[in-house]
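J.: Pasting a predicted model and its sequence here:
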Amino acid sequence: MKELWRLLISPQEKSSKVRNFFIRTVVTAFLIPITFVVIWAGGWWLTALITVCAVLGGWELANLVTTNKQKPIQYICSIWTGALVVSVGLYLEDIGFIITILPVLASIPFVLIPFAFWDKWAIKANLARKLSRASIGITKYSVVTLIIGGLLSFALLLNDLQGGRDWIYSIIILVAATDVASYIFGSLFGRRKLVPKISPSKTWEGGIAGLTFAIIASVALYYLFDLHANLGKSVGFGVVIYFSALFGDLLESSLKRIVGVKDSGSLIPGHGGILDRMDSILLSLFVGYFFVLWTID
């Protein structure tokens, strides 16, 4: 209620909030139908969409963890992130692992070696320090590629399962439902901070509302999509997707707080960067895939 009252008595802030909400709504109304149509088409249309998201997400994450002297590494990370998704798509077309995914994974560290010495410190540093810093750099940038490309690839793996398209739809809808419910109820009724040092806007009240709506939405989707599950598993699916989405959001918030930025980028008007929109979905695709694989007949 405090947030609502503050907006009512502050016309300037209210105008800014309304304008931002309008922009977010228009952009969302434009992007969601396109995304859902591409998912419906499946095949290489879906692979192309996931690859674009991977390239842009890899760029943004690399930008967050690099210094000003290491900007060229963004190109390498984004290209290899997209290549990893494409290799998974080829693998699912019954092309062998050895000639698709393995070459991409094996080549990432070797491609990154020249860029591990990009900073000026490498000129004067002794060999031991150079090797130590180079190892840290190679590991860090390899993780960028694996986090974005690897986790997004689970959308393709999930789509390859029985009813996979509907499971992808379910994950996107559940993440959106929990996000909206948490925001609205947290803003109106939030009193106790959930993780104030990482995300001050999140509250226990909003979290409980998000979890509740995740379960309700998951049960509704069970009847809507005729998923190959039962009511109990649908409830469990809603619970695991809620917590994976929350954890993914908190991980990105922690990284942005460490780096000292508000958004991962400015690609999507009213939303920030593409990573700001994907943070909750990335881990949810991974968790959702194994949930379906291990529990659904």
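T.: Arrived safely.
J.: Show me which parts of the helix or strand hosting residue 61 are buried, residue by residue.
T.: Residue 61 belongs to helix 43-65 when assigned by DSSP states H and E. For helix 43-65, the neighbour count (16 or more other CB atoms under 10 Å) marks 46-47, 49-51, 53-65 as buried. The way it works is simple: take the backbone N, C-alpha and C, and place the C-beta from them, glycine included.
J.: residues in contact with the residue nearest to residue 86 when sequence neighbours are not counted?
T.: Leaving out its chain neighbours, the residue that sits closest to residue 86 by CB to CB, 6 or more residues apart in numbering is residue 51, at 5.7 Å. Residue 51 is in contact with 82, 85, 86, 89, counting by CB atoms under 8 Å, 6 or more residues apart in numbering.
J.: and residue 51, how far is that from residue 152?
T.: Distance from residue 51 to residue 152, counting by CB to CB, to the nearest Å: 8 Å.
J.: Give me the common contacts of those two.
T.: With CB under 8 Å, 6+ apart as the test, residue 51 and residue 152 both reach residue 85.
J.: Please enumerate the helices of this structure.
T.: 2-9, 11-41, 43-65, 73-91, 101-112, 121-124, 127-145, 151-159, 164-189, 204-225, 231-259, 274-295 (DSSP state H).
J.: Mind checking the pLDDT average for the third one?
T.: What that stands for is helix 43-65. Across helix 43-65, pLDDT averages out at 92.
J.: Using a markdown table, lay out the contacts of residue 51 together with distance to residue 200.
T.: Below are these laid out as a markdown table (distance: CB to CB, whole Å):
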| residue | distance to residue 200 |
| --- | --- |
| 82 | 34 |
| 85 | 34 |
| 86 | 39 |
| 89 | 40 |
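J.: possible to save those as JSON lines with pLDDT and neighbour count?
T.: JSON lines is the format used below for the contacts of residue 51 (pLDDT from 0 to 100; neighbours: other CB atoms under 10 Å):
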{"residue": "82", "pLDDT": "95", "neighbour count": "25"}
{"residue": "85", "pLDDT": "96", "neighbour count": "27"}
{"residue": "86", "pLDDT": "96", "neighbour count": "21"}
{"residue": "89", "pLDDT": "95", "neighbour count": "21"}
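J.: Test my guess that residue 246 contacts residue 279.
T.: No - the pair residue 246 and residue 279 does not pass the contact test of CB atoms under 8 Å, sitting 10.3 Å apart.
J.: pLDDT-wise, which helix or strand of this protein ranks last?
T.: helix 2-9 (a mean of 45; mean pLDDT, DSSP states H and E).
J.: re earlier: tabulate the helices of the chain (a markdown table), appending distance to residue 197.
T.: Shown next, in a markdown table, are the helices of the chain (distance: least, CB to CB, whole Å):
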| stretch | distance to residue 197 |
| --- | --- |
| helix 2-9 | 20 |
| helix 11-41 | 25 |
| helix 43-65 | 19 |
| helix 73-91 | 28 |
| helix 101-112 | 32 |
| helix 121-124 | 31 |
| helix 127-145 | 23 |
| helix 151-159 | 25 |
| helix 164-189 | 17 |
| helix 204-225 | 15 |
| helix 231-259 | 8 |
| helix 274-295 | 18 |
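J.: which stretch in those has the least confidence?
T.: helix 2-9 (a mean of 45).
J.: Next one: residue 261 relative to residue 55, how far apart?
T.: 20 Å.
J.: Repeat that for residue 83.
T.: Applying CB to CB to residue 83 and residue 55 gives a distance of 9 Å.
J.: what do you get for residue 102?
T.: Note on residue 102: its distance to residue 55, by CB to CB, is 21 Å.
J.: still on that earlier bit, please name whichever of the helices of the chain is nearest to residue 265.
T.: With CB to CB as the measure, helix 43-65 is the member of the helices of the chain nearest residue 265 (4.6 Å).
J.: Tell me how many other residues crowd the nearest residue in space to residue 200 that is not next to it in sequence.
T.: Nearest residue to residue 200, sequence neighbours excluded (CB to CB, 6+ apart): residue 193, at 6.4 Å. Neighbourhood size, residue 193 [other CB atoms under 10 Å]: 15.
J.: Who are the contact partners of residue 193?
T.: Applying CB under 8 Å, 6+ apart, we find residue 193 in contact with 200, 202, 203, 204.
J.: Wait, the second one touches residue 195, no?
T.: Yes - applying CB under 8 Å as the test, residue 202 and residue 195 come out as touching, 6.1 Å apart.
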